[in-house]
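Peer 1: Got a predicted model here, sequence first, then my questions.
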Amino acid sequence: MPTDDLATTIFLIFTGAAVLATVALFLRQSLLVAYIALGVLIGPSGLGLIADAEGVRRIASFGVTFLLFLLGLNMYPQKLVQLARETTLVTGLSSTLFALLGWAAGLWLGFTHAEALVLGAALMFSSTILGLKLLPTTVLHHRRTGEVIISILLLQDLVAIAILVWVEFARTGATSAAGIALQVAALPAIIAFAVLFARYALVPLMARFDAIQEYLFLVALGWCLGVAELAHAAGLSHEVGAFVAGVALATSRIADFIADHLRPLRDFFLVLFFFSLGAGFDLRMLAAIWLPAVVLTLVVLVFKPPVFRWLLRLSGEASGRATEVGIRLGQISEFSLFIALAAQHAGIIGERMSYLIQTATLLSFVASGSLIVMRCPTPIATSERLRRD
C-alpha cells in the first residue's frame, strides 16, 4: 500500500538507501545510482510504496540549493583565476564540441531545434559529484590531477549556472524589453549586495561570535536561504541565489567551517533529491527512449575521454594525467538533470526529451563510474594498488 505518512516515507527512503548503497559499494558504483534506483524501485511506477513523489521532490530541492551554496564556498577567486588561465581553453573548447555533438544528435533523433539545443547543453558538463566523490583525498588536495579536474568542473558549473538563468528567463516569460532588462540587472545587483553585506556585516558578526558553533551554523543557513529567496523574488532561481551567497563568503576564514558543517545537511537533502528523480521516472517511457538513451550514452563514453585527453595534451599536460582526467570527466552531469527538469518545467522541451536526458545521465553514471574505479585511484577502487595511490 502506498503511504503519505512523512515518517514512513523517510524510513523507506533512508533504510532503502542504506541497503542499496551497500550493494552499490560492493559493485563499485556511485551512491547516486543507488538513490535513483531506489526511487524507481519503490516509487509510483515501481512497487508504489511512496505515493507522493512530487512532495518529496519539493522538499529535496533544498539539496540542490545547498549543493550550489557549497560550490560557491569553494570558489576562491584567486585560485580560480589562476587555474582558469590554464583550463579555460580546455573547458571552452570541450563544452562547445559536446554542445554541437548533442545538438546534432538531437536533430538526428528527430527532436525540435529547441530540444536539440537543450540536449547539447546537457552534454556539455561532467559530473561534479561523481568527479569529486571518486577522487582520493591525496589527489583532491595535493596533486596536480585534482587541481585540473576541480578547475574544469568549477568552470563548467559557472556555465551551467548561466544556462539555468537563461532557462529561468524563458520560464518567467520576460519578453518585454523592460522585463528582460530588469532580470538581467537583477543578477549583478544581487551579487553586489551579497558581497558588500557579507564583507561589512555578516563576516564581522560571525567573527565576533565564532566560539558559538551553533550560531555560525544558523547564520550560514539563514544566509544561504535568504539570498536564495531574494534571487527568487527577483525572478531568478533559488539555486542561483544560493551560489552567489556561497561565493560571497568564499574568501572568509570561516568558509571551511561552514562547508564542513553544512555537508551532512546537503547530503541528507541530496539523497531525497536523487531518490525523487527515480521516483518521478515513469518506467513506461523506457519503451520510447531506451534505444536513443543507450546510443547517447555510448556517444558520451566514446567521445568525452579522448576529447579531454587531446585538449589537455595541447595545453601541455602530461600524457598519463591527461588520460586520467579524461576518464574521470567522461560522463553526463547531475547539472544536466537540473537543466532537463527546468527546461521541461519552462515548456522548452517535452517529456520525451526530459526522460531521454535523465536516462542517459543515469546510464553514464553507471558506466563511467565503473570505468573510473577500474582504471583510476579512488576510495572504492578495484585493486589495492589503486586504493593506495
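Peer 2: Thanks, I have the structure now. Numbering: from 1, shown residues only.
Peer 1: Contact partners for the residue lying farthest from the centre of the chain?
Peer 2: Taking CA atoms, centre = their mean, the residue of the chain most remote from its mean C-alpha position is Arg208, at 34.0 Å. Applying CB atoms under 8 Å, 6 or more residues apart in numbering to Arg208 gives no contacts. C-betas here are computed from N, CA, C, even on glycine.
Peer 1: what secondary structure does Gln344 sit in?
Peer 2: Secondary structure assignment for Gln344 (DSSP: H, G, I helix; E, B strand; the rest coil): helix.
Peer 1: Distance check, it against Pro292.
Peer 2: 17 Å (CB to CB, to the nearest Å).
Peer 1: For the strand or helix carrying Leu164, list every residue counted as buried.
Peer 2: Using DSSP states H and E, Leu164 falls within helix 144-172. By neighbour count on 16 or more other CB atoms under 10 Å, the buried set for helix 144-172 is 145-161, 163-169, 171.
Peer 1: tell me which strands and helices that helix is in contact with?
Peer 2: Contact here means 3 or more CB pairs under 8 Å, 6 or more residues apart in numbering; DSSP states H and E; on that basis helix 144-172 packs against helix 53-73, helix 77-108, helix 128-133, helix 137-142, helix 177-197, helix 238-249, helix 319-328, helix 334-346.
Peer 1: what's the angle from it to helix 53-73?
Peer 2: 130 degrees (axes from the mean of the first three to the mean of the last three CA atoms, to 10 degrees).
Peer 1: Helix 144-172 vs helix 238-249, what angle?
Peer 2: Using the same axes, to 10 degrees: helix 144-172 against helix 238-249 is 140 degrees.
Peer 1: Please enumerate residues in contact with the host helix or strand of Val19?
Peer 2: In the assignment (DSSP H and E), Val19 maps to helix 6-26. Here helix 6-26 makes contact (CB under 8 Å, 6+ apart) with 3, 30-31, 33-35, 37-38, 41-42, 49-50, 52, 56, 271-272, 275, 380.
Peer 1: ok, of the helices and strands packed on helix 144-172, where does mean pLDDT dip lowest?
Peer 2: Lowest mean pLDDT within the helices and strands packed on helix 144-172: helix 137-142, at a mean of 51.
Peer 1: Distance-wise, check the nearest residue to Glu239 once chain neighbours are set aside relative to Val148.
Peer 2: Leaving aside its sequence neighbours, Glu239 sits nearest to Leu68 (CB to CB, 6 or more residues apart in numbering; 4.9 Å). Counting by CB to CB, the separation of Leu68 from Val148 is 22 Å.
Peer 1: since we're on Leu371, how many residues are nearby?
Peer 2: 16 (other CB atoms under 10 Å).
Peer 1: so who does it touch?
Peer 2: Contacts of Leu371 (CB under 8 Å, 6+ apart): Leu301, Ile327, Gly330.
Peer 1: ranking those by neighbours, who comes first?
Peer 2: Neighbour counts for the contacts of Leu371, by other CB under 10 Å, peak at Gly330, which reaches 25 neighbours.
Peer 1: Which of the helices or strands spans that residue?
Peer 2: Short version, using DSSP H and E: Gly330 is in no helix or strand.
Peer 1: Might one say that it is in contact with Val299?
Peer 2: No: between Gly330 and Val299 there is no contact under CB atoms under 8 Å: 11.2 Å.
Peer 1: So the closest residue to Ala288 other than its chain neighbours versus Thr65, what's the distance?
Peer 2: Nearest residue to Ala288 in three dimensions, chain neighbours excluded: Arg352, at 6.1 Å (CB to CB, 6+ apart). From Arg352 across to Thr65, the span is 28 Å (CB to CB).
Peer 1: quick one: which of those two has more around it?
Peer 2: Thr65 (24 against 16).
Peer 1: Verify the stated contact: the more buried one with His238.
Peer 2: Yes: between Thr65 and His238 a contact is recorded at 5.3 Å, counting by CB under 8 Å.
Peer 1: so what sits against both of those two?
Peer 2: What both Thr65 and His238 touch, as defined by CB under 8 Å, 6+ apart, is the set Ala228.
Peer 1: so where's the stretch 251-389 of the chain uncertain?
Peer 2: Filtered on pLDDT under 70, the stretch 251-389 of the chain yields the residue ranges 379-389.
Peer 1: ok, which stretches of it are strands?
Peer 2: Shown for the stretch 251-389 of the chain, no strands are assigned by DSSP state E, counting those that start in this stretch.
Peer 1: hang on, the earlier thing: is it possible to get CSV of the contacts of Leu371 that adds distance to Val219?
Peer 2: As requested, the contacts of Leu371 are exported to CSV (distance: CB to CB, whole Å):
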residue, distance to Val219
Leu301, 44
Ile327, 41
Gly330, 40
